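K.L.:
got a predicted model here, sequence first, then my questions.
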Amino acid sequence: MRSSVKLGVLAVGALAAGLSPALAASGPIKIVLAEEADLLEPCMATRSNIGRIIMENVSETLTELDVRGKKGVVPRLAESWEQTQDGSWRFHLRKGVTFSNGTTFDAKDVKHSFDRIMSDKNACESRRYFGGMKVDVKVVDDATVDFKVDPVQPILPLLMSLVTIVPEETPLEFIREPIGTGPYKLSNWTPGQQIVLSARDDYWGTKPQVTEATYLFRADPSVRAAMVQAGEADLSPSISQLDATNDKTDFSYLDSETVYMRLDHNIAPLNDVRVRKALNLAIDRQAFLGTLVPQDAVLATALVPPTTLGWNPDVKVFPYDPDGAKKLLEEAKAAGVKVDTPITIIARTANFPNVTEIMEAIQAQLQEVGFKIDLKFVEVAEHEGYYSKPFKEGRGPIIVAAMHDNSKGDPSFTMFFKYDSKGTQSGFSDPKVDDLIQKASAAVGDERAKLWSQLFAYLHDDVVADVLLFHMVGFSRVSERLDWKPTIATNSMLQLSEIGIK
Amino acid sequence: MLRFIRQRSLSSLISLIGLLVLVFFLSRLTGDPAALFLPVEASAELKQQFRELHGLNDPIMVQFGRYVGNVLTGDLGESLRKARPALDVVLEAFTWTLWLAVITMTLVAVAAIVVGALAAFRSGGFFDRFASTVSLVGASVPDFWVAIVAIVVFSVHLAWLPTSGTGSLAHWILPVAVLFVRPFGIIVQVVRGSMIGALSSAYVKTARAKGVKAGPIIFVHALRNAMLPVITVMGDQAASLLNGAVIVETIFGFPGVGKLMIDSILQRDFNVVLAAILVTALAIFLMNLLIDLAYALLDPRIRH
């Protein structure tokens, strides 16, 4: 009965679309994801399995980052913002916005949403973006709110694109039924099976074409691809490269993940810059493209993808130069560096496609120039133990192969953690790097971009901080009835309002 | 009989308690759930707070004492990941697994006994060779391969059945069919072997000499005596289905307990792991009890 009603609606919809071509088609769609959302908690939406479903669909933010155009930070629930004399930020809120429970959105909701994230009654993930800051949120009037941040935050408007707004009545503890101001509301959640979002009639913005989205979850990539092919789903944001064979439905996209090898500069021989350079010259990065790594992947010169602010086009990828690597190793050896100390590469099982083969090939290439390399694969939790501080005492020289995601458009989400002396995953300590990170984080506009560019060049060419490998690509399968292409944000967010129906 | 059940229950209870204690401590040896719940960049304070909220900062014996106290009052705790009662999460998943196991094993039992018995009756004949080959292939072929091929053939190319998921009767066909293959292969072989022994025994020869027809000889006289080893193997196979058919659940997106258990172990969601072990262990204990009772019914030597 239900399906025949749906069919009827579809038929009527199709008829209407056929009769008046000016009217865009609309209707329900099905999306198949790899991983189920275990929670639908708005303050956890920065985690991709949750964010992909609710971010900007159910829960909206004051600002958002424009990843399709290049407009930077654009208004969402805030119409405008400015920095006041004392460095705090004032946001002017959109009026006439209601939550899906009927209450009106105002400044008190913004304050509560932020205080909730910072509360000790929960472990909201988004709090991590405000580490080391003292934030005081003040309601000026219903449509104005002030954020006084110590130290002054030049990128607060960008950070606000990560803070989901919930109504004032939301308890501090984790909730299971998100209420938001977004174009959709949660209408069904059957754990293990499906999550359904339906379009709201009282949404403040443009009415989206997708009227209802059903999310299904299949861990196996070939099943996800088969489902779109068989018409059981309309969109699978991630399928495997092997299945991406139909150029009408399968699209590759730079997915904001970067594969690299973190070097521990504290332990010899990795404390020697010649050795680190030799590691870089010994690897034939180009040979991986189109073989073990997808053809469209991009060789990395920074830990953030090329769409990020301050990415430096003048930094060049290390050439494949095994003779140069051998020469550097000999020089280091002559200077008393124990270059034949066995070095261990720690990699994570199933971290990304072909990780085993890629790491084995790198091991072979490094051995070719004279390194002694052991390769060890570990599970996620053990990997984390090697990757993050505190590092184990008495360890040998260790290289951690890892994948880092930054789709946020600004390097600050990466640089402190990975390169600052105090960064949790930083393998070295360099006062100039610390200084540049601090300056760039506090700068705005062109100055900010310039400082980040400077840092990228210094890290890559002078410090030779790590072995940067590939900006990875993902593959999506999109039914031919949809008008949608994946972007660099697809990993963390999938805005239903951007999906067109042909 | 009641005494027999009581004894079995007591010994199962002891092993169940031992199992829970072992899993409680072993799971905590794997490390800190905060490291997996929160991203690598999360601050030490935030991780500390997560542990505080979930009582993971207390000494392990205090955590254990609290756990025992809660279990005795029927409270298996909350899932760290899902922010809802662990027992609810497990029972939801276990219901799917139970149905999958019951349907599959019923079909397997009927089909394997008929095919195995007929193969044994004309041992060496065409049907026997055919059945032996099929069952050997069935017992050896990897289920993930069968599952993927079945999806490609029946869902993508022929479009007869849905690829995966739940919702209608048609959704059950592929998972059950894939799960059917291996136990069917194994049990056909056991039935055949056991029946060949029974059919060559003196009482069958006597029955034949008296002119009893083939049907009653196979299904009345020989089969009942050949069933004991078959029941043992069936119990084994059913137990492995009750533990969750991880691969089939993963591929077909079936929300069963096997995938839940693996995911919870990987995410260090201790309460769900313990609840899942408790529930499946109880189910397997009940099934073993039924098997023992079936033995007793079939074999008067055990009964008396």
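P.N.:
Done, it's in. Residues are numbered from 1 along each chain as shown, chains lettered A, B, ... in the order given.

K.L.:
run through chain B and note the low-pLDDT ranges.
P.N.:
Applying pLDDT under 70 to chain B flags the ranges B:1, B:40-41, B:244, B:303-304.

K.L.:
and what of the stretch 351-500 of chain A?
P.N.:
For the stretch 351-500 of chain A, no stretch is flagged by pLDDT under 70.

K.L.:
so where do the helices sit in it?
P.N.:
All helices of the stretch 351-500 of chain A, identified by DSSP state H, counting those that start in this stretch, fall at A:355-368, A:380-387, A:412-419, A:431-442, A:445-457.

K.L.:
swap in the stretch 1-150 of chain A?
P.N.:
Going by DSSP H, counting those that start in this stretch, the stretch 1-150 of chain A shows helices at A:2-19, A:48-54, A:107-118.

K.L.:
lowest average pLDDT across those?
P.N.:
Mean pLDDT is lowest for helix A:2-19 among those, at a mean of 44.

K.L.:
who in the stretch 151-300 of chain A is up against chain B?
P.N.:
A:174, A:176, A:191-193, A:216-220, A:222-223, A:226-227, A:229-230, A:232 (CB under 8 Å from any CB of the partner chain). For the C-beta atoms, the positions are set from N, CA and C on the backbone; glycine is no exception.

K.L.:
so how far is chain B from residue A:148?
P.N.:
From residue A:148 across to chain B, the span is 21 Å (CB to the nearest CB, to the nearest Å).

K.L.:
ok, back up a step: which of the helices of the stretch 351-500 of chain A is buried the deepest?
P.N.:
Highest mean neighbour count among the helices of the stretch 351-500 of chain A (mean count of other CB atoms under 10 Å in any protein chain shown): helix A:412-419, with a mean of 24.

K.L.:
quick one on the thing from earlier: restricted to helices, list the residues of the stretch 151-300 of chain A next to chain B.
P.N.:
A:222-223, A:226-227, A:229 (DSSP state H).

K.L.:
tell me the one of these nearest residue A:315?
P.N.:
The closest of these to residue A:315 turns out to be residue A:222 (CB to CB; 38.0 Å).

K.L.:
residue B:148 is in contact with the closest one, correct?
P.N.:
Yes. With contact defined as CB atoms under 8 Å, residue A:222 and residue B:148 form a contacting pair (6.1 Å).

K.L.:
which residue does chain A have closest to chain B?
P.N.:
As assessed by CB to the nearest CB, chain B sits closest to residue A:192 within chain A, at 2.7 Å.

K.L.:
which ones are touching that residue?
P.N.:
Shown in contact with residue A:192 (CB atoms under 8 Å, 6 or more residues apart in numbering or on different chains): A:36, A:217, B:92-93, B:96, B:255, B:260.

K.L.:
just those: which are in strands?
P.N.:
Among these, DSSP state E puts residue A:217 in strands.

K.L.:
what is the nearest of the contacts of residue A:192 to residue A:379?
P.N.:
Of the contacts of residue A:192, the one sitting nearest to residue A:379 (CB to CB) turns out to be residue B:260, at 18.3 Å.

K.L.:
got the residues of the stretch 51-200 of chain B near chain A?
P.N.:
B:53, B:79, B:81-84, B:89, B:92-93, B:96, B:148, B:151-152, B:155-156, B:159, B:162-167.

K.L.:
please check those and keep the buried ones.
P.N.:
For these, a burial check counting by 16 or more other CB atoms under 10 Å in any protein chain shown picks out B:53, B:79, B:81-84, B:89, B:92-93, B:96, B:148, B:151-152, B:155-156, B:162-166.

K.L.:
ok, the nearest residue to residue B:227 once chain neighbours are set aside to chain A distance?
P.N.:
Leaving aside its sequence neighbours, residue B:227 sits nearest to residue B:298 (CB to CB, 6 or more residues apart in numbering or on different chains; 5.7 Å). Between residue B:298 and chain A the computed distance is 39 Å (CB to the nearest CB).

K.L.:
was I right to think residue B:298 contacts residue B:228?
P.N.:
Yes. Counting by CB under 8 Å, residue B:298 touches residue B:228, with 6.5 Å between them.

K.L.:
quick one, helices of the stretch 101-250 of chain B?
P.N.:
Along the stretch 101-250 of chain B, counting by DSSP H, counting those that start in this stretch, helices occupy B:126-140, B:143-150, B:170-199, B:202-209, B:214-216, B:223-242, B:246-252.

K.L.:
kindly present these as JSON lines, with separate columns for distance to residue A:197.
P.N.:
Listed next are the helices of the stretch 101-250 of chain B as JSON lines, based on distance: least, CB to CB, whole Å:
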{"stretch": "helix B:126-140", "distance to residue A:197": "43"}
{"stretch": "helix B:143-150", "distance to residue A:197": "30"}
{"stretch": "helix B:170-199", "distance to residue A:197": "22"}
{"stretch": "helix B:202-209", "distance to residue A:197": "66"}
{"stretch": "helix B:214-216", "distance to residue A:197": "59"}
{"stretch": "helix B:223-242", "distance to residue A:197": "35"}
{"stretch": "helix B:246-252", "distance to residue A:197": "24"}
